[in-house]
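Engineer: I'd like to go over a predicted model; first the sequence, then the structure.
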Amino acid sequence: MAQIERTIEISADRAAVWAAVADLEKVAQWNPNISSATCGEGTAGVGARRTCHLSKGGHIDEVVSQWDEGHGLAFAIGSHGGIRSADMAMTLRSLGDSTRVTAVADYHLAFGPLGPVIDRVKVKRQMGRMLDSALVGLKEHVEAQANLG
């Protein structure tokens with residue numbers, strides 16, 4: 001298993017950040033890696049299912065595995081490309097008038113013994129760029145919404 005973690009500080013309160021993160025079908029409004037998302041039965045809480053259509057083609061299926069109202073959530077993600085399975089968690093922590101968001105991705109590659117080499121050479125960098133762009137997109141979206149209100 002491999003893991004990657006990224007953190008960003010957003011100049012908005014935790015409730016505003018949570019409102020964006022918890023609106024599962026509107027993830028494409030802030031995550032540039034996703035062109036659209038649809039939910040199956042349920043749009044909140046453990047067990048909610050979402051299909052994210054990726055900006056570069058294809059899709060991933062996600063199931064909410066943890067839901068801590070206002071504080072964070074996690075998804076179990078099915079296989080995609082060379083990733084056999086993944087878990088993605090986002091936690092929100094209040095810092096006065098701002099919020100620290102931490103995203104952690106744990107993933108298993110499907111390349112057997114070559115997995116660690118492929119991870120070092122390619123996958124970890126790609127996953128890092130995807131997490132970075134998602135967090136920057138979340139920051140820009142939430143801060144723009146806060147400035148409108």
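Structural biologist: Happy to help now that I have it. Residues are numbered from 1 along each chain as shown.
Engineer: How much space separates the most centrally placed residue in the chain from residue 2?
Structural biologist: Of all residues in the chain, the one closest to the mean position by C-alpha atoms, centre = their mean is residue 88, 6.0 Å from it. To residue 2, residue 88 is 13 Å away according to C-beta to C-beta, to the nearest Å. The C-beta positions use only the backbone N, C-alpha and C, and glycine is treated the same way.
Engineer: any residues in contact with both of those two?
Structural biologist: Between them, residue 88 and residue 2 share these contacting residues under C-beta atoms under 8 Å, 6 or more residues apart in numbering: residue 106.
Engineer: The longest helix anywhere in the chain: how far from the chain's middle?
Structural biologist: Ranked by number of residues, the top helix in the chain under DSSP state H is helix 124-148. The offset between the C-alpha centroid of helix 124-148 and the centroid of the whole chain comes to 10 Å, using C-alpha atoms, centre = their mean, to the nearest Å.
Engineer: do the same with stretch 104-121
Structural biologist: In terms of C-alpha atoms, centre = their mean, the centre of stretch 104-121 is found 19 Å from the chain centre.
Engineer: now swap in stretch 68-79 and tell me
Structural biologist: On the basis of C-alpha atoms, centre = their mean, the separation between the geometric centre of stretch 68-79 and that of its chain is 8 Å.
Engineer: Identify the residues contacting it?
Structural biologist: For stretch 68-79, the external contacting residues (C-beta under 8 Å, 6+ apart) are 14-15, 18, 21-22, 50, 60-67, 83, 85-93, 110.
Engineer: Then stretch 48-55?
Structural biologist: Residues lying outside stretch 48-55 but in contact with it, judged by C-beta under 8 Å, 6+ apart, are 24-25, 27-28, 32-42, 59-64, 67, 75.
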